[in-house]
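> sequence below, structure please.
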Amino acid sequence: MSIDLPNGVAHVPADVGAGSAATFIEQITRLQAKARRRGRQNEVASSTGMQLPRVPEQMPIWPEPVRAVPNGALRSALFGAIRPGFRRFLKGEQLASVEGVKVIFTGERLDQGDLDVWLSVLHAIRLQEIGNQCRVTSYALLKLMGKSDSGKNRDTLHERITRLRAHAVEFKQGRYEYIGGLLDEAFKDKETGEWVIVLSPKLLALFGPDQFTQVQWVVRRELDRQPLAQWLHGFYASHAAPYPMKAKTLLQLAGSENDSPTSARQKLRKALDAVVKASSIHGEGFSYTMVGDLVQVKKTASKAQRRHLVNVAKKLMKPRG
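Coordinates of the predicted model:
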């Protein structure tokens, strides 16, 4: 199920704090220097026929306060806002998504709690080479998620990692495509108790330029155990300039099921109120109006988003032909 949206919607990464920004800029500077050296080495290699060592493949670099999410995962029902304890098993079912995104899923449905675990795994191993075995403890993952290291939480973490490994997904995002599992391998080292996790290098296709969103983690954590509010926060984070949408369309994209029109609108309004409150607590501008079945969200654009909108406007003003 694909839902058409207006053209011109694009993602721009969110701002980060001054300290994080400085570290981020230093990392980018080092990478740029490496790229320049690699370029010079490639020139020498092409002229001499010598072979260069393989360059390790890594996730893009993002700062500590955010989590990187492929836009298609935020603009579809892949991680649904479903009721606790209610999970359908799907077999090759196409999930609701915006235009340009296609998700065909087989397995037990994923929810927003599963997304928290996946994002924490990505965050924990983002600086390591993708495709290799990466080791991380349950304690470290739970700490990243803001949860206590209790037996119950470890059991839930185990259940969610198993579910993230056990499904199959066909994921198309614009011209990029991935088929496989969100975790390529996952098992416990019995001697150390660590999780050993492998990500497919093909996942990098979903993290190309303008293909992922940096979601403010503190806001998402503020919305813990409010799946529809978490989904809405992620969905609107992936758009620099939100546009009006029908409540019914939003709920379809969120994967919400079995709600009457009246209760659905009430649930949506309650979730939007929660996003407004959580965003205000942590300095994000977010407001909305709901007239009938139409929802209009307004965000205070970050500096990066404002630069993006200016660039888009300049492109639109250029004469054609």
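> ok, which stretches of the stretch 51-200 of the chain are helices?
Counting by DSSP state H, counting those that start in this stretch, the stretch 51-200 of the chain has helices at residues 71-74, 112-124, 138-144, 151-166.
> hmm, who's touching the first one?
By Cβ atoms under 8 Å, 6 or more residues apart in numbering, the residues outside helix 71-74 that reach it are 11, 78-79, 97, 101, 103, 115, 171-173, 206, 211-213, 215, 234-235, 237-238. All C-beta atoms are positioned from the backbone trio N, CA, C, and that covers glycine.
> so which of the residues you listed belong to strands?
For the contacts of helix 71-74, membership in strands holds for F79, S97, V101, V103, F171, K172, Q173, F212, T213, V215, with DSSP state E as the criterion.
> quick one, what contacts A124?
C134, V136, A140, L141, L144.
> could you redo the last one with a cut-off of 7 Å?
V136, A140, L141, L144 (Cβ atoms under 7 Å, 6 or more residues apart in numbering).
> for Q266, see how far away the residue sitting nearest the centre point of the chain is.
Note on the chain: the residue nearest the mean C-alpha position is V69, at 1.6 Å, using Cα atoms, centre = their mean. With distances taken as Cβ to Cβ, to the nearest Å, V69 is found 28 Å from Q266.
> now swap in K143 and tell me
Relative to Q266, and taking Cβ to Cβ, K143 is found at 36 Å.
> do the same with W231
For W231, the distance to Q266 - Cβ to Cβ - is 16 Å.
> run through the stretch 201-321 of the chain and note the low-pLDDT ranges.
Along the stretch 201-321 of the chain, the parts satisfying pLDDT under 70 run over 258-261, 301-321.
> nearest to L199, of the helices of the stretch 51-200 of the chain?
helix 112-124 (7.7 Å; Cβ to Cβ).
> okay, that closest one in PDB with CA atoms only?
The C-alpha trace of helix 112-124 is given here as PDB (Å, rounded to 0.1, in the frame of the first residue of the first chain):
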ATOM      1  CA  GLN A 112       8.300   1.000  18.000                       C
ATOM      2  CA  GLY A 113      10.100  -0.900  20.800                       C
ATOM      3  CA  ASP A 114      11.800  -3.000  18.100                       C
ATOM      4  CA  LEU A 115      12.900   0.200  16.400                       C
ATOM      5  CA  ASP A 116      14.400   1.400  19.700                       C
ATOM      6  CA  VAL A 117      16.500  -1.800  19.800                       C
ATOM      7  CA  TRP A 118      17.600  -1.600  16.200                       C
ATOM      8  CA  LEU A 119      18.600   2.000  16.500                       C
ATOM      9  CA  SER A 120      20.600   1.200  19.600                       C
ATOM     10  CA  VAL A 121      22.400  -1.600  17.800                       C
ATOM     11  CA  LEU A 122      23.200   0.700  14.900                       C
ATOM     12  CA  HIS A 123      24.400   3.400  17.300                       C
ATOM     13  CA  ALA A 124      26.600   1.100  19.300                       C
END
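> export the ones in strands among the contacts of helix 71-74 to a markdown table and append columns for neighbour count.
Shown next, in a markdown table, are the ones in strands among the contacts of helix 71-74 (neighbours: other Cβ atoms under 10 Å):
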| residue | neighbour count |
| --- | --- |
| F79 | 27 |
| S97 | 24 |
| V101 | 24 |
| V103 | 22 |
| F171 | 24 |
| K172 | 17 |
| Q173 | 23 |
| F212 | 24 |
| T213 | 24 |
| V215 | 23 |
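> of those residues, which pair is most distant in space?
For the ones in strands among the contacts of helix 71-74, the farthest-apart pair by Cβ to Cβ is K172 and V215; their separation is 21.4 Å.
> for K91, find the nearest of the helices of the stretch 51-200 of the chain.
helix 151-166 (13.2 Å).
> how about the strands in the stretch 151-300 of the chain?
Per DSSP state E, counting those that start in this stretch, the stretch 151-300 of the chain carries strands over the ranges 168-173, 176-180, 185-188, 195-198, 212-216, 245-246, 286-291, 294-299.
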